[in-house]
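Visitor: Have a look at this prediction, sequence included:
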Amino acid sequence: MHGFFENQDSLKNSFLLLVVENSTHIIDFAKLTFVGGETVTNLQLQQYREVVALNPSQYQVDPIQYFKMFINYDDKLKKEKSVVSSFRQSGRVDFYYDYELIDSSLETYARMEMNSKYIYLKKKGEGLINEEGEEKETVENCIEIDQDACQRIGESVGTPRELDPHKWHFIIYDLIRNHARIYTAMTLVNVNFFVAFNQVVAVYDVVRKEWKPYFFKQQVFGLLRNQVSDLMHELNVGEMGTGL
């Protein structure tokens, strides 16, 4: 099992949804229901959607390494839309819509990421090689797949794109940026940029291009700054009333 989740259907009818990899390495979405009375509780496991098997003569069937999922209410379709993509050990990618397998890639890829609009597949061997024989990160070629393709979602509807290597680290945050505040506060003072997260306030010196962390005993929820003199450059920045 790769995990569990909830959607509108499961919340309304009181069950959990499981992401199960079956013996043919296809995701079998199953619902787990609690059945019983006050003293005895039984668990009932049922298949949520029909499983479509891959043709082993056309597709390489190998274990799933990880998967990505996005569930959202579609205003155009007037219903909940679910898109799932799984990355296999071979580098092949499977595509699911409405919890049913739609397509599997013929090509193999180096990486897969997903945000609220697209699935990104990084092509293999697209980096430059430096003098040490290591891959040098430059602009990378990838395939961008629009989730609005719905029942047609797959490699065939992908669009070639050039993606900055550093953007890969931020794609995943598009899914949670409206629900989780990883960085609780930010402020700029002269050439110093202050960022608060958890129990840390990190200060970035724009001129020296260096980070310096400050650690607190409690979680930092905000940053305040005040001017201590008539000079604009003389400022204090504090957390919960404690000066840095």
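Guide: Noted; the coordinates are in hand. Treat the numbers as computed from the prediction; the structure is a model and nothing was measured. Residues are numbered from 1 along each chain as shown.
Visitor: Next SSE downstream of the top helix by length along the chain?
Guide: Ranked by residue count and defined by DSSP state H, the top helix of the chain is helix 8-13. Downstream of helix 8-13, the next assigned helix or strand under DSSP states H and E is strand 15-21.
Visitor: That next one - contacts with which helices or strands?
Guide: The elements that strand 15-21 packs onto, with contact taken as 3 or more CB pairs under 8 Å, 6 or more residues apart in numbering; DSSP states H and E, are strand 3-5, strand 27-36, strand 64-74. (Each C-beta comes from the backbone N, C-alpha and C, glycine too.)
Visitor: Including mean pLDDT and mean neighbour count, could those strands go into a markdown table?
Guide: Formatted as a markdown table, those follow (pLDDT from 0 to 100; neighbours: other CB atoms under 10 Å):
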| stretch | mean pLDDT | mean neighbour count |
| --- | --- | --- |
| strand 3-5 | 89 | 12 |
| strand 27-36 | 87 | 16 |
| strand 64-74 | 89 | 15 |
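Visitor: which SS class is the residue nearest in space to the middle of the chain?
Guide: A centroid search over the chain (CA atoms, centre = their mean) returns Ile172, at 3.2 Å, as the residue closest to the centre. Here Ile172 is recorded as helix under DSSP: H, G, I helix; E, B strand; the rest coil.
Visitor: May I ask which helix or strand encompasses the residue nearest to it when sequence neighbours are not counted?
Guide: Nearest non-adjacent residue to Ile172, counting by CB to CB, 6 or more residues apart in numbering: Glu113, 6.2 Å away. Assigned by DSSP H and E, Glu113 falls within strand 109-114.
Visitor: So what touches that strand?
Guide: 66, 68-70, 83, 85, 87, 91-93, 119-126, 143, 168, 171-172, 175 (CB atoms under 8 Å, 6 or more residues apart in numbering).
Visitor: Need the buried ones from those residues selected in PyMOL.
Guide: Only the buried entries of these go into this PyMOL selection, using 16 or more other CB atoms under 10 Å:
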select buried, resi 68+69+70+83+85+87+91+92+93+119+120+121+122+123+126+143+168+171+175
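Visitor: Strands - which of the contacts of strand 109-114 land there?
Guide: Secondary structure defined by DSSP state E assigns 66, 68-70, 83, 85, 87, 93, 119-123, 143 of the contacts of strand 109-114 to strands.
Visitor: before we move on, back to that, go through the helices and strands packed on strand 15-21 and name the closest to Val20.
Guide: Set against Val20 and scored by CB to CB, the helices and strands packed on strand 15-21 come closest in strand 27-36, at 4.6 Å.
Visitor: packing partners for that closest one?
Guide: strand 15-21, strand 41-47.
Visitor: And the average pLDDT for the last one is what?
Guide: Averaging pLDDT along strand 41-47 gives 83.
Visitor: Does anything pack onto that strand? Which helices or strands?
Guide: If you count contacts as 3+ CB pairs under 8 Å, 6+ apart, strand 41-47 packs onto strand 27-36.
Visitor: Strand partners (parallel or antiparallel) of the strand it packs on?
Guide: strand 15-21 (antiparallel), strand 41-47 (antiparallel) (DSSP bridges).
Visitor: Cheers, nothing more for now.
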